[in-house]
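Asker: how would this look folded up:
(one chain, ligands or ions: 1)
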Amino acid sequence: MKKLLLWAALFGSLTASAQKWEGLADTPPMGWNSWNKFACDIDENLIREVADAMVASGLADAGYLYINLDDCWHASERDADGFPQCDTTRFPSGMKALTDYVHSLGLKIGIYSDAGRQTCGGRFGSYGHEYQDALQYARWGFDYLKYDWCFTEHIDPKGAYALMRDALRAAGRPILFSMCEWGTAKPWEWAEQTAHLWRTTGDIGLSFSEQLVHDSWEQNSVLRCLDLNAPLRKYAGPGHWNDPDMLEVGNGLTENQDRAHFTLWCMMASPLILGNDIRAMSPRTAAIVMNREVIAIDQDPLGVQGLRYATDEGVEYWFKPLEGGDWAVCLFNRTQEPRTCTIDWLQYCFTDEEVSQRATAFDRICYDGRDLWNGGKSFRTDKPRTVVVPAEDVVLYRLTPSAKQPRRR
Ligand code: GLA
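Answerer: The predicted structure follows:
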């Protein structure tokens, strides 16, 4: 009997699920990543300049925190003991100096690897070296790991990602864990205890509505990422987010498309990871990515991913419950022509039964509205509102229960 108990205790402790680092992503992470704009063309000067620009531009004050290296920071091989090392031509001062510099600005810094034998860019992957890699990232001073899924034939995703989670935990430094498995094995169904975010889509490309088809692969349009991510809202919440991929804002879409892309990511409580060259950001781009009231929709502490409640003639009506009884309401015009919409609030009385259990209750509650892309212009919901939504653009409101409720008969 004693033996049996001993075995049970031992088995229990071996199988007890290890934990990811808690408290690192109570709201969706915000930052910048090198891939969308620079792909493999990265070096320490770029990263330092981007970190400087993060502070100088006001992005850091607006909440953007992480400076994330993506693929191709690697040396051609590991060191003699199997530890990862960086490309010393591109990073001559070494990773520790770089993380120290970024930290000295009050920012955090991320690194990239892959669960397979190689990264997607053909550098060494972490397969078979997970504990060494996690230890090295911790020693180097990284705060965030994006973990990709190339070259993973015959590897089980649940096991592979849990292994790196455990390795990060064992390495002793809190490191936010971002899964980049593209949604292939439906990580939203099993990764809540594994990672802080998981990609729900393949790679985004610089296109709003058309897929970008290459020889053997495709890049998703912004709308494809949106459509793949939208139905997964019940799986997201504080500490574990759906990730429809990094932002393409400022990389060449039209102003309307940029505004719509950013707003919809905020409505979906998505990570806000910029992918543009923030050293040379136009005032137009800066005004989009630093609209604090819009960022506050993304960062709302309730952490509920917004709901695409209705679609009418190409205009989508999105609702996101916010802290304190507020709602964000977004009208998104997918079409290529402006649309005039009359919002009869009473048509949108519903309860979000799937996630928050919150009711809009427009029949009982009058809200004060603010038009967040229009200087906070105010209105009330006691009468219908007519608005023009430009082509491929959004109108975004924040509704707050009014102190002055109309008297009901
Ligand atoms: C994959 C990822 C991208 C990027 C590249 C780097 O395609 O999905 O986000 O990290 O690899 O090679």
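Asker: Flag every residue of the stretch 1-150 of the chain that's near the ligand.
Answerer: Taking CB under 6 Å from any ligand atom, the part of the stretch 1-150 of the chain that reaches the ligand is made up of 35, 70-71, 119-121, 148. C-beta here means a position set from N, CA and C on the backbone, and glycine is covered the same way.
Asker: Would you map the helices across the stretch 51-200 of the chain?
Answerer: Applying DSSP state H, counting those that start in this stretch to the stretch 51-200 of the chain gives helices spanning 59-62, 95-104, 130-140, 157-171.
Asker: could I get those helices as TSV with distance to Trp241, mean pLDDT and mean neighbour count?
Answerer: Below are the helices of the stretch 51-200 of the chain laid out as TSV (distance: least, CB to CB, whole Å; pLDDT from 0 to 100; neighbours: other CB atoms under 10 Å):
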stretch	distance to Trp241	mean pLDDT	mean neighbour count
helix 59-62	19	98	17
helix 95-104	23	99	18
helix 130-140	21	98	21
helix 157-171	15	98	20
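Asker: want to throw these into JSON lines with distance to Thr381?
Answerer: Supplementary listing: the helices of the stretch 51-200 of the chain in JSON lines, determined by distance: least, CB to CB, whole Å:
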{"stretch": "helix 59-62", "distance to Thr381": "29"}
{"stretch": "helix 95-104", "distance to Thr381": "45"}
{"stretch": "helix 130-140", "distance to Thr381": "49"}
{"stretch": "helix 157-171", "distance to Thr381": "44"}
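Asker: among those, which is nearest Ser282?
Answerer: Closest approach to Ser282 among these is made by helix 59-62 (13.7 Å; CB to CB).
Asker: Return the residues in contact with the residue nearest the centre of the chain.
Answerer: Closest to where the C-alpha atoms of the chain average out (CA atoms, centre = their mean) is Pro271, at 1.8 Å. Residues near Pro271 by CB atoms under 8 Å, 6 or more residues apart in numbering: 28-30, 178, 197, 241, 243, 246.
Asker: if you look at those, which of them are in strands?
Answerer: The members of these that map onto strands under DSSP state E are 30, 178, 197, 241, 243.
Asker: so what pLDDT did the residue lying closest to the fourth one once chain neighbours are set aside get?
Answerer: Same thing as Trp241. Leaving out its chain neighbours, the residue that sits closest to Trp241 by CB to CB, 6 or more residues apart in numbering is Leu197, at 4.3 Å. At Leu197 the predicted local confidence, pLDDT, stands at 98.
Asker: is Ile109 in a bridge, and if so with what?
Answerer: Listed by DSSP bridges, the beta-bridge partners for Ile109 are Ile67.
Asker: Can you give the domain ranges for this protein?
Answerer: 16-298, 307-401 (automatic domain parsing).
Asker: centre of the chain versus the shortest one, how much separation?
Answerer: In terms of CA atoms, centre = their mean, to the nearest Å, the centre of domain 307-401 is set 23 Å apart from its chain centre.
Asker: From start to finish, how long is it in a straight line?
Answerer: The first and last residues of domain 307-401 sit 20 Å apart, counting by CA to CA, to the nearest Å.
Asker: Would you mind listing the outside residues contacting stretch 381-391?
Answerer: With CB under 8 Å, 6+ apart as the contact definition, stretch 381-391 has outside contacts at 256, 315, 331-333, 335-345, 362, 366-367, 369, 379, 395, 399, 406.
Asker: Now, these that are in strands?
Answerer: Among these, the ones falling in strands (DSSP E) are 315, 331-333, 339-343, 367, 369, 379, 395, 399.
Asker: which of the residues you listed count as buried?
Answerer: Applying 16 or more other CB atoms under 10 Å to the ones in strands among the contacts of stretch 381-391, the neighbour count classes 315, 331-333, 339, 341, 343, 367, 369, 395, 399 as buried.
Asker: which among those gets closest to Cys86?
Answerer: Proximity of these to Cys86, judged by CB to CB, is greatest for Phe332, which lies at 41.7 Å.
Asker: Excluding residues flanking it in the chain, which one is nearest that closest one?
Answerer: Leaving out its chain neighbours, the residue that sits closest to Phe332 by CB to CB, 6+ apart is Glu316, at 4.4 Å.
Asker: Could you list the low-pLDDT ranges of this structure?
Answerer: For the chain, the stretches with pLDDT under 70 are 1-17, 408-409.
Asker: tell me which element Tyr397 is part of?
Answerer: Taking DSSP states H and E as the criterion, Tyr397 maps to strand 393-401.
Asker: Buried residues in that strand, which are they?
Answerer: Residues 393-399, 401 are the ones in strand 393-401 that count as buried (16+ other CB under 10 Å).
Asker: next one: stretch 206-223
Answerer: Neighbour-count burial for stretch 206-223 flags 207-208, 219-223 (criterion: 16+ other CB under 10 Å).
Asker: Check stretch 372-389 too.
Answerer: Within stretch 372-389, the residues that qualify as buried by neighbour count (16+ other CB under 10 Å) are 372-373, 381, 385, 389.
Asker: Need the CA coordinates for it. CSV is fine.
Answerer: Once side chains and other backbone atoms are set aside, the C-alpha atoms of stretch 372-389 remain, and they are given as CSV (Å, rounded to 0.1, in the frame of the first residue of the first chain):
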residue,chain,number,x,y,z
LEU,A,372,-13.6,58.0,-31.4
TRP,A,373,-12.2,58.7,-34.9
ASN,A,374,-14.0,62.0,-35.1
GLY,A,375,-12.5,64.0,-32.2
GLY,A,376,-14.8,62.4,-29.6
LYS,A,377,-18.0,64.1,-31.1
SER,A,378,-20.8,63.3,-28.7
PHE,A,379,-24.4,62.0,-29.1
ARG,A,380,-27.0,60.0,-27.2
THR,A,381,-28.7,56.7,-28.0
ASP,A,382,-32.2,57.9,-27.3
LYS,A,383,-32.7,58.4,-31.0
PRO,A,384,-31.5,56.8,-34.2
ARG,A,385,-28.2,58.0,-35.6
THR,A,386,-27.4,58.4,-39.3
VAL,A,387,-23.8,58.2,-40.3
VAL,A,388,-21.7,57.8,-43.5
VAL,A,389,-19.1,55.0,-43.3
